[in-house]
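[1] I would like to see how this sequence folds:
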Amino acid sequence: MIWRRRLDARAGAEILAVATLYLANEGKIVVVAPPEEAEAALAAMRSHPLGACAAIAGRVQQGEPGRVTMRTVFGGRRIVDMLVGEQLPRIC
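    Numbers count the residues shown, from 1 in each chain. Here you go, the predicted structure:
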């Protein structure tokens, strides 16, 4: 079911010509934990029904200050730029 929602989000973003990386996503949390505590934090989140799909999404490494990069689906790296312009309005 989670996989299907990701496809729906991607398809909707493509129709609107926006990048899913910059869309608001309410009800989510990003936790930054020391590497030696990451697995314990992940297990704690997964122990709750709302955290069943919790996952480690990345890691902090030394590099150029203020620069965020991500690995692409092809295995390359790209810079994650700051959002330019307005974020889509939230419909709540």
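
[2] report how many residues lie close to R46.
    For R46, the count of nearby residues is 13 (other Cβ atoms under 10 Å). No exception for glycine: its C-beta is placed from N, CA and C like everyone else's.

[3] next, it: phi, psi?
    According to degrees, to the nearest 10, the main-chain angles of R46 amount to phi -70, psi -20.

[4] could you check how far it is from I56?
    Relative to I56, R46 is positioned 11 Å away (criterion: Cβ to Cβ, to the nearest Å).

[5] how about the nearest residue to M70, chain neighbours excluded?
    With sequence-adjacent residues excluded and distances taken as Cβ to Cβ, 6 or more residues apart in numbering, M70 is closest to V80, at 5.4 Å.

[6] these two touch, right, the one you found and T72?
    No: using Cβ atoms under 8 Å, V80 is not in contact with T72, being 11.0 Å away.

[7] who's more crowded, those two?
    In terms of neighbours (other Cβ under 10 Å), V80 is the more surrounded of V80 and T72; the figures are 12 against 9.
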